[in-house]
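>>> Requesting a structural model of the entry that follows:
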Amino acid sequence: MTVKKAIPYALVGTVATMASIFTISKHLQKKLLYPIKAELLPLPTELAQKVGLTFDSRTPNYELFTFQGDDGYELEACYLPANDISSKKFVILVHGITQNLKASLKFYPLFHQLGYHVITYSHRNHGQNEASYTSFGVREKYDLQALVDSLLTRFGPDIYLGLHGVSMGAATVLQYLGLNHHKIAFAISDCAYSDALQEFQYRLEVEFPYFSWLPLVQTSRLLTKITHQLDLKAASPIATISHVSTPILFIHGLSDTYILPVMSQALFTAKTTGFKQIWLVPGAHHDNCLETDTRGYEQTVTSFLADTPAYE
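This is a model prediction of the structure:
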């Protein structure tokens with residue numbers, strides 16, 4: 001074959017490869033931005049029994065409400081008051097990807113017995129909220145900010161407010177703290193990723209190892225910048241954690257193969273300002289630490305809250 005004939009074949013091969021990368025990346029982008037929603041139907045009492053925690057004998061009072069993000073997007077939320085209605089202790093529970101505010105209810109008994117008012121809500125593009133897209137904390141952190149602001153307006157600027165997040169919810173909490181908000185008394189990060197793009201690459205290697213050598217994640221990132229004006233590189237809690245002074249408890253299951261525990265360990269190490277603790281749970285899988293060691297979870301959280309310095 002002559003050089004002249006070889007050049008067109010090489011060009012065709014290059015174009016075909018680039019077309020394949022684009023097609024697969026487009027599919028990956030859709031999978032990331034528009035995840036299939038989970039249906040979470042168990043009642044709070046059933047969730048509590050599953051993890052070995054108990055509610056009061058009465059059915060918990062609750063209030064459903066909505067709030068708006070800074071772009072006008074409306075989100076559903078639920079307020080479950082403490083037994084002592086005058087309590088100044090509040091905690092916002094933030095769920096993971098594909099889930100909704102019901103998923104957070106398994107943590108309700110723990111905080112309720114510690115005297116906290118509990119607020120749960122569904123991320124944009126989750127639960128009963130209108131269709132949108134998921135941004136892995138880039139937009140979601142501002143929704144959380146809007147909820148915090150609404151609670152401070154409703155209940156007063158002197159409330160003692162903490163955050164608890166799981167998976168993407170934990171990463172959202174950490175990205176929100178990276179905005180330098182000092183009104184948060186504490187945060188609990190359960191199985192967070194330290195960097196979304198690194199997590200995507202890891203999942204690609206696990207689920208589609210034959211394609212993991214292709215630049216699919218970076219191509220999907222580029223497509224998302226073009227089509228949604230969103231840079232997923234910004235979904236990186238570890239980029240800002242060093243200057244976060246808020247006390248943080250990092251929790252991660254040592255058997256978690258969805259988001260590796262090394263990510264929470266990296267976040268713990270990178271947090272060089274303010275109080276911090278870490279608890280790695282033997283035998284626990286992803287979003288499974290409470291179920292794996294219920295009493296240990298209770299004791300660790302209770303101890304952390306007792307040791308947490310008062311904030312200004």
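>>> Tell me how far stretch 197-205 lies from the chain's centre.
16 Å (CA atoms, centre = their mean, to the nearest Å).
>>> How about that stretch, which residues are buried there?
197-204 (16 or more other CB atoms under 10 Å). C-beta here means a position set from N, CA and C on the backbone, and glycine is covered the same way.
>>> just stretch 229-249 next, same as before
Residues 230, 232, 234-238, 240-241, 244-249 are the ones in stretch 229-249 that count as buried (16+ other CB under 10 Å).
>>> hmm, back to that, could you dump the buried residues of stretch 197-205 to JSON lines with pLDDT, distance to Gln218 and secondary structure?
Shown next, in JSON lines, are the buried residues of stretch 197-205 (pLDDT from 0 to 100; distance: CB to CB, whole Å; DSSP: H, G, I helix; E, B strand; the rest coil):
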{"residue": "Leu197", "pLDDT": "94", "distance to Gln218": "8", "secondary structure": "helix"}
{"residue": "Gln198", "pLDDT": "95", "distance to Gln218": "12", "secondary structure": "helix"}
{"residue": "Glu199", "pLDDT": "93", "distance to Gln218": "14", "secondary structure": "helix"}
{"residue": "Phe200", "pLDDT": "89", "distance to Gln218": "10", "secondary structure": "helix"}
{"residue": "Gln201", "pLDDT": "90", "distance to Gln218": "9", "secondary structure": "helix"}
{"residue": "Tyr202", "pLDDT": "91", "distance to Gln218": "14", "secondary structure": "helix"}
{"residue": "Arg203", "pLDDT": "87", "distance to Gln218": "15", "secondary structure": "helix"}
{"residue": "Leu204", "pLDDT": "85", "distance to Gln218": "11", "secondary structure": "helix"}
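>>> of all these, which comes closest to Ile92?
Nearest to Ile92, judged by CB to CB, of those is Glu199 at 23.1 Å.
>>> check contacts around the closest residue in space to the closest one that isn't next to it in sequence.
Of all residues not flanking Glu199 in the chain, Tyr193 sits nearest, at 4.2 Å (CB to CB, 6 or more residues apart in numbering). Tyr193 makes contact with 167-168, 171, 199, 237, 259, 263, according to CB atoms under 8 Å, 6 or more residues apart in numbering.
>>> Compare those residues and tell me which is most surrounded.
Among these, Ala171 has the most neighbours (other CB atoms under 10 Å), with 33 neighbours.
>>> all strands of the stretch 151-300 of the chain, in order?
160-166, 184-190, 248-253, 276-281 (DSSP state E, counting those that start in this stretch).
>>> Distance to Phe67 and mean pLDDT added to those strands, as TSV?
Shown next, in TSV, are the strands of the stretch 151-300 of the chain (distance: least, CB to CB, whole Å; pLDDT from 0 to 100):
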stretch	distance to Phe67	mean pLDDT
strand 160-166	15	97
strand 184-190	17	97
strand 248-253	25	98
strand 276-281	30	98
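>>> Any stretches of the stretch 151-300 of the chain with poor pLDDT?
Counting by pLDDT under 70, the stretch 151-300 of the chain contains low-confidence ranges at 181, 212.
>>> Helices of that one, start to end?
Using DSSP state H, counting those that start in this stretch, the helices assigned to the stretch 151-300 of the chain run over residues 168-177, 196-207, 216-228, 262-270, 289-292, 294-307.
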